[in-house]
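Student: here's a sequence, model it:
(chains A and B)
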Amino acid sequence: MLQFLFRRLIVALLVAATVMTLAFILTRLSGDLAISIAGPNATAADIEAVRKAYGLDRPVLSQFFDWVGRAATGDLGNSYFFQTRVSTLIAERMPVTLTLGLTGLSIALLVSLPMGILAAVRENTGFDRAVQMIALIGQAMPSFWLGLLLMILFGLTLGWLPISGTGSWEHFVMPGIVLAFSAIPALTRLTRAGMIQAMGSDYIRTARAKGLSRASILLKHALRNAAIPVVAIAAVQLGFMLGGSIVIEQVFALHGVGFLAWESIAKNDFPVVQAVVLVLAVIYVALTMVSDLMNAVLDPRLRA
Amino acid sequence: MSAAVSVNAGPRRGWKSASTWIGAVIVGLALFCALFAPLIVPHDPFAQDLNRRLLVPFWMEGYNPEFLLGTDQLGRDYLSRLIWGCRISMLIGITVTIVSGLIGITIGVLGGFFGGRIDDAVLFAITTRLSIPVVLVALAVVGLLGTSMTLLVLTLGLLLWDRFAVVARSTSMQVRNLDFVAAAWCAGCSRFRVLTREVLPNIASHLVVVATLEIALAILLEATLSFLGLGVPPPLPSWGLMIAEAKDYMFFSPWVIVIPGVALFVLVLGINLLGDGLRDAFATRSRT
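Tutor: Model prediction:
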């Protein structure tokens, strides 16, 4: 178990280091940063001043190791636009994104677990096919478009929910539903496939032969095994959701980390962009580690 | 996962299933629109006319039979823009998939076929790629370098190769140990020949399925980026861009976002239906 943990940790660190390098290269893609920061009307002297002020006159390698060295200690540099520390900016915006992500994941699990279980129990019936159709629809639904449609329906026609901002819990209902849509197809399919496999196994036959009730067989015996991959994927899905929430934050004007990244891209605020890419990647890597650990804890067979 | 599903699957799968055919018809229609867009558009999709702005589509009172789907906020014919948008979606979907397929299949086959250290490196590349937030990085690249179709295709292609790599790796791992590959080695075939003549043709059906699903994903992502203003440059009528431009009018004339959205949804659904159908068709064939 310890060795397993250790190996996963090494890989996670290597991935983080690679993403760090890629994020750095990404923001240097446009060539001379100083020209883009100074803007279209800048004179040569302005550009030179900007270059000096932001340390862009130093060799690229020294800039790179500076960023890596500081990032390793939690210092992600300063924002060009906000003139504050990037880590503070991200910490301020993170609660909104996390609330959105967790709301989305909860809604997704609340919908896909019962749907997947029922579809597996009634395999090949009309209900099963309807659930598979819902999964396909969820897969094809553009999230930004669904967001706009919900705005028209719940915001304008019915007037039930606020259409933008973060003032109350009601503000997170629509974005949460939209975000959940992106995870529901995968989670439902996985629950269904896992349940079908579990229901066909020997230990379920044994449980039946012992005369256990249907509910007990389903929920205590089959679900416990079918849930292992679902729980694991749920953690990974949360990682995808946090990365993908940039679209939904923009549609609903939720000022989370995604919105911050979006603003920063528009303002050429490179330290923020590279930091958000890095932070989201690290969160994803951490979540996949949690997912592997949960798998190992829930299913002793995987620990070998 | 998918293998377990298809074994227990319902009575009608693959080409016997209606949903596969629905998918095929939608994709066929989209391909037709994409190829012949300049010939079939009823109006110039770029021609503005401020005298006929926001005309309503055919299912509403007082529509103009000349503009079946109405016009947008600049008076451009919506049907023509929709057809032209289909061309853009399909073009981007297919070219992105070619780029990502080339990268993913090469990486995946190398890892699966050679194993060992190479495979470790491949697995690491896939893990790293999955940890990178796609939409954010694509937005950043386009935001830094400017909007253009070529840049968009290259960016998405460089980001979306993971599923190709995963599938190519696992399938070539299975194929590498089969008898006909051993026979090819014995016959003295070169490494390159074994890879291209024995391994690739035998994993091709899996890759075709991945390709269809990737086209759908690329189309959705292009629409998302265009919606956020960092995808296809205006005035090109990308469906995502059409929705973004019409957003300000959606509370008064909802159809301006409903029409391009439905088109996008139906096309992606169609491609996915066809992809699922192909997977089942291949699965049935390999079992018998």
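Student: which stretches of the stretch 51-200 of chain B form helices?
Tutor: B:78-114, B:116-131, B:134-145, B:149-159, B:162-176, B:179-186, B:191-193, B:200-227 (DSSP state H, counting those that start in this stretch).
Student: closest to the centroid, which residue in chain B?
Tutor: Centroid-nearest residue in chain B: residue B:215, 1.5 Å away (criterion: CA atoms, centre = their mean).
Student: list the residues that contact the residue nearest to it when sequence neighbours are not counted.
Tutor: For residue B:215, ignoring the flanking residues on the chain, the nearest one in space by CB to CB, 6 or more residues apart in numbering or on different chains is residue B:93 at 4.0 Å. To be clear about C-beta, it is placed using only N, CA and C from the backbone, and glycine gets the same treatment. Taking CB atoms under 8 Å, 6 or more residues apart in numbering or on different chains, we find residue B:93 in contact with B:215-216, B:218-219, B:222, B:271.
Student: returning to that earlier point: for residue B:108, see how far away the residue nearest to the centre of chain B is.
Tutor: From residue B:215 over to residue B:108 the distance is 18 Å, taken as CB to CB, to the nearest Å.
Student: related to what we said a few turns ago, include distance to residue A:243 when you put the helices of the stretch 51-200 of chain B into TSV, please.
Tutor: Below are those laid out as TSV (distance: least, CB to CB, whole Å):
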stretch	distance to residue A:243
helix B:78-114	18
helix B:116-131	9
helix B:134-145	6
helix B:149-159	12
helix B:162-176	13
helix B:179-186	39
helix B:191-193	38
helix B:200-227	13
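Student: nearest to chain B: which residue in the stretch 101-250 of chain A?
Tutor: The nearest approach of the stretch 101-250 of chain A to chain B comes at residue A:243, 3.1 Å away (CB to the nearest CB).
Student: highest neighbour count among the contacts of residue B:93?
Tutor: Most neighbours among the contacts of residue B:93, by other CB atoms under 10 Å in any protein chain shown: residue B:219, with 30 neighbours.
Student: got the end-to-end distance for stretch A:245-256?
Tutor: Separation of the first and last residues of stretch A:245-256 by CA to CA, to the nearest Å is 9 Å.
Student: hmm, who's touching it?
Tutor: Stretch A:245-256 is contacted from outside by A:93-94, A:96-97, A:100-101, A:104, A:143-144, A:147-148, A:151, A:163-166, A:171-172, A:174-175, A:178-179, A:257-259, A:261-262, B:133, B:135-136, B:139, B:224, B:227-228, using CB under 8 Å, 6+ apart.
Student: surely the residue nearest to the centre of chain B touches residue B:98?
Tutor: No. Using CB atoms under 8 Å, residue B:215 is not in contact with residue B:98; the gap is 9.8 Å.
Student: count of neighbours near the closest residue to chain A within the stretch 1-150 of chain B?
Tutor: The minimum distance from the stretch 1-150 of chain B to chain A, using CB to the nearest CB, falls at residue B:133 (3.1 Å). Residue B:133 has 27 neighbours, counted by other CB under 10 Å.
Student: thought it was touching residue A:257?
Tutor: No. In this structure, residue B:133 is not within contact of residue A:257 by CB under 8 Å, at 10.2 Å.
Student: between the two, what contacts are shared?
Tutor: Jointly contacting residue B:133 and residue A:257 under the rule CB under 8 Å, 6+ apart are A:242, A:280.
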